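**Student:** Build me a model from this:
(2 chains)
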Amino acid sequence: MLKRKRSLNTDSLAALSASVLAAIVGLLLALVILLICDAKNAWPGFLTLITGGIREGGIKAIGDILYQAMPIMMCGAGLAFAFKANVFNIGGGGQFLMGSFVAIYTAIKWEFLPGVLRWIVPLIVAALSGALWALIPGLLKAYRNVNVIISTIMMNYLARYLVNSLIKASIYNVTTGQSKSIPAAAKMPTLGLDKLFPGSSANIGIFITIAVCIIIHIILNKTTFGYELKACGLNAAACKYAGIREKRTIVVSIMISGALVALGGALLYLSGSGRNIRVYDTQPTEGFTGISIAILANNSPLGVILSSLFISFLTIGGQYIQSYGFVKEIVNIVTSSVIYLSAFTLLLRVFFDSAARKRQAKLSHTESEKGVTT
Amino acid sequence: MDVFYYVANMCLCFFIPLLVVAIAGLFSEKSGVLNMCLEGIMIMGAFAGAMFMHYMEPYLSGQLLLICTMLVSMLVGVLFTQLHAFAAIKLKADQSISAMALNSFAAAFVIFVARSVTGSQHVAFTNTFRIEKVPVLGDIPVLGKVLFQSAYITTYIGFAIIAVTIFVFAKTRFGMRLSACGENPQAADSLGINVYRTRNIALMISGALGGLGGLIYIVPTVTSFGGDVYGYGFLAMSVLMLGQWKPVRLLFAALLFSLIKTIASGYMSIPFLSGLGLSDNFYKSLPYIITLVILAVSSNKAIGPKACGQPYDKGRR
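**Tutor:** Okay, the predicted model is just below:
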């Protein structure tokens, strides 16, 4: 028992060190790209990138990092949950959009709600809408064997066009070409974070998100449902044999995943930072960023907290890097390289394992030699 | 009749790239490597082509430029797929993760380079490639007007590619060996086929066709490339599934999808459809809804190459 626990710990340690290594190599790649683009400004630009803009933005940048991390952390947690069950939910974009729309709609239209319910109810309804939206690819996978990646991508495009027409029909602001802004009463409380980080939009959402990550961690690791879900992810056929309803597990996992991602969208737009949904044909980036975050965290909900803060840190750094004449998309290059590199974690883990085994063998060897001499 | 020619022409513009990219996926998946990064390969190919055309326009024009550009796009596609090959074949990494990383890398890289080099996200080029009328063949009634008037050589290249593909998989030793690597790599290996090398070659072909597909998607339809192919790579994967990994069926699957796509983007010019008064967003959603329905009906029967998506490990027999 003790031995098993130890090996688990080294496992997560190896995963963490692999992710950190991937991040470092990704950042070095960014430095190389900056040097190629403009050697003179490369070093100060790189420093800005890796300090998350805190040098330039000061205390406001920290608040911005927290605010920026909130939606993508929620998306990452949701997607990691589905990935654990081996359901490759790429539909983050669509689920995020559905959640965003439903949250804004209920925040504007449901004026009869009293007090804090003005923002709590929209959050809940948004999560439900995300779950329903994810139900379709879930059912298609479980009962019709449709590839989840393809179906969720199709659902992304559908969500985009559906939300576009829904906004135009209900909460469209003709002058800005966006959805209307939410009323002040439906804004989430800031819990004094606006005083702590003046100028930023940090609010209660970051605490909600971290709490959700912890709850997901507990569900995955301490409950029967979490065990069944992980087992199905590892071997669905064996699960069926063992009496776990693997179809139900697939559907429920993607629904929870969709609910969380949609909640991320709701949190972003209920922050009331002046952002509204634009009516155009592009997907929200948070869904795809969430994938990166989940993979970087090796699908661990607690790891998601760290990796989303890391990505948010880089994103804010990327905004300040523009003052040196660099293009902010460099951040996306870094994150995608990091994900590409972290696909090799398996290789790296094998390397770490064999190194550890060699060390142990050497140790026992010298011990036995000692035994002979004495 | 004019409407018919309009629809047929537009349909061809969607059909050829969809077919070429689906064949790109076919080569890779038949050999056992899941190629989920077709979207990224298309973006890279289209971008390389657009950049090449943008800068070579003063020196070259017409068919010569188009052929040179196609070679550039194919080369870039091959190089880009090598990243996937390195991760998926050599390092035995998770193929979906590597592919998703490459997709987002391509999208970011293209915008980054375009903004850094040209100052704008859009890379403009001039379309000097249209052939008004092919002599003799253009005079054939109906067919001549569809295929040989205001046409692009890419159309003929697309048909040539599908013909070669059908031949390769049905008649050649290479095609058989490639399929063997995707069905049962252990057995293939025991017969002396180098699984790693075969998969690598398959991925290179896939990359070349994917890059080419990206280019021939943008050439007839737009005059500036904005860094996105709008999920076309994933549509091609759906075509592959609907075509059940069989080259001849791919042809019909691609035709079906391109017809739907044509209706979605050209409904304004089709009197019958524009009279229905349905919203723009409905028509835009149509290809995706129908894809889902088709997949729901056909996926239970669709069984791809058995070893597709599993990294081959020589030590595991």
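**Student:** going forward, measure contacts between C-alpha atoms and count neighbours the same way
**Tutor:** Noted.
**Student:** what residues does chain A put near chain B?
**Tutor:** Within chain A, the positions adjacent to chain B are A:37, A:140, A:144-146, A:150-151, A:153-155, A:157-158, A:161-162, A:164-165, A:292, A:295, A:326-330, A:332-333, A:336-337, A:339-340, A:343-347 by CA under 8 Å from any CA of the partner chain.
**Student:** In PDB, please show the C-alpha coordinates belonging to stretch B:77-85.
**Tutor:** Extracted in PDB, the C-alpha atoms of stretch B:77-85 (Å, rounded to 0.1, in the frame of the first residue of the first chain):
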ATOM      1  CA  GLY B  77       2.800  20.700 -45.800                       C
ATOM      2  CA  VAL B  78       5.400  17.900 -45.800                       C
ATOM      3  CA  LEU B  79       7.800  19.800 -43.400                       C
ATOM      4  CA  PHE B  80       4.900  20.700 -41.100                       C
ATOM      5  CA  THR B  81       3.700  17.100 -41.000                       C
ATOM      6  CA  GLN B  82       7.200  16.000 -40.000                       C
ATOM      7  CA  LEU B  83       6.500  17.600 -36.600                       C
ATOM      8  CA  HIS B  84       3.500  15.300 -36.300                       C
ATOM      9  CA  ALA B  85       5.500  12.300 -37.600                       C
END
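**Student:** For it, give the mean pLDDT please.
**Tutor:** Mean pLDDT, stretch B:77-85: 96.
**Student:** Okay, now the unreliable bits of chain A?
**Tutor:** Counting by pLDDT under 70, chain A has low-confidence residues at A:1-11, A:345-353, A:366-374.
**Student:** cutoff 50 now
**Tutor:** A:1-7, A:374 (pLDDT under 50).
**Student:** What strand or helix carries the residue nearest the centre of chain A?
**Tutor:** In chain A, the centroid-proximal residue (CA atoms, centre = their mean) is A:Gly76; its distance is 1.8 Å. Assigned by DSSP states H and E, A:Gly76 belongs to helix A:59-84.
**Student:** Kindly report the same for A:Pro198.
**Tutor:** According to DSSP H and E, A:Pro198 maps onto no helix or strand at all.
**Student:** Could you check how far it is from chain B?
**Tutor:** Shown here: A:Pro198 relative to chain B, a distance of 32 Å by CA to the nearest CA, to the nearest Å.
**Student:** count of residues packed around residue 138?
**Tutor:** Reading this off chain A. 30 (other CA atoms under 10 Å in any protein chain shown).
**Student:** that's the wrong chain, I wanted chain B
**Tutor:** 19.
**Student:** how deep is the residue nearest to it when sequence neighbours are not counted tucked in, by neighbour count?
**Tutor:** Distances taken as CA to CA, 6 or more residues apart in numbering or on different chains place B:Gly144 nearest to B:Gly138, at 4.4 Å, with adjacent residues excluded. A total of 15 residues lie near B:Gly144 under the criterion other CA under 10 Å.
**Student:** do the same with B:Gly277
**Tutor:** Count around B:Gly277 with other CA under 10 Å applied: 9.
**Student:** Look at it and give its secondary structure.
**Tutor:** Following DSSP: H, G, I helix; E, B strand; the rest coil, B:Gly277 is assigned to coil.
**Student:** what about the residue nearest to B:Gly138, which helix or strand?
**Tutor:** B:Gly144 is located in helix B:143-147, with elements delineated by DSSP H and E.
**Student:** can you list contacts of stretch B:79-89?
**Tutor:** A:343-344, B:33, B:41, B:44, B:93-95, B:98-99, B:102, B:196, B:199-200, B:203-204, B:206-207, B:311-312 (CA atoms under 8 Å, 6 or more residues apart in numbering or on different chains).
**Student:** I misspoke; the intended subject was stretch B:118-128.
**Tutor:** Against stretch B:118-128 from outside (CA under 8 Å, 6+ apart): B:47, B:50-51, B:53-54, B:57, B:61-63, B:111, B:114-115, B:219-220, B:223-227.
**Student:** can you give me the mean pLDDT across that stretch?
**Tutor:** Rounded mean pLDDT across stretch B:118-128 is 87.
**Student:** Dump the C-alpha coordinates for it into PDB.
**Tutor:** Output in PDB follows, covering the C-alpha atoms of stretch B:118-128 (Å, rounded to 0.1, in the frame of the first residue of the first chain):
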ATOM      1  CA  THR B 118       3.300  42.400 -43.900                       C
ATOM      2  CA  GLY B 119       1.800  44.400 -41.000                       C
ATOM      3  CA  SER B 120      -1.700  42.900 -41.600                       C
ATOM      4  CA  GLN B 121      -3.300  39.600 -40.800                       C
ATOM      5  CA  HIS B 122      -4.400  39.300 -44.500                       C
ATOM      6  CA  VAL B 123      -2.000  38.300 -47.200                       C
ATOM      7  CA  ALA B 124      -3.300  39.500 -50.500                       C
ATOM      8  CA  PHE B 125      -2.600  38.000 -53.900                       C
ATOM      9  CA  THR B 126      -4.000  38.400 -57.500                       C
ATOM     10  CA  ASN B 127      -5.900  35.700 -59.200                       C
ATOM     11  CA  THR B 128      -4.400  35.300 -62.600                       C
END
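**Student:** can you give me the offset of that stretch from its chain's centre?
**Tutor:** Centroid displacement of stretch B:118-128 relative to its chain, using CA atoms, centre = their mean, to the nearest Å, is 22 Å.
**Student:** got the buried residues for that stretch?
**Tutor:** B:121-125, B:127 (16 or more other CA atoms under 10 Å in any protein chain shown).
**Student:** could you pull out the strands for the stretch 101-250 of chain A?
**Tutor:** With DSSP state E, counting those that start in this stretch as the criterion, the stretch 101-250 of chain A has strands at A:172-173, A:178-179.
**Student:** now these in a markdown table, with mean neighbour count?
**Tutor:** Below are those laid out as a markdown table (neighbours: other CA atoms under 10 Å in any protein chain shown):
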| stretch | mean neighbour count |
| --- | --- |
| strand A:172-173 | 18 |
| strand A:178-179 | 21 |
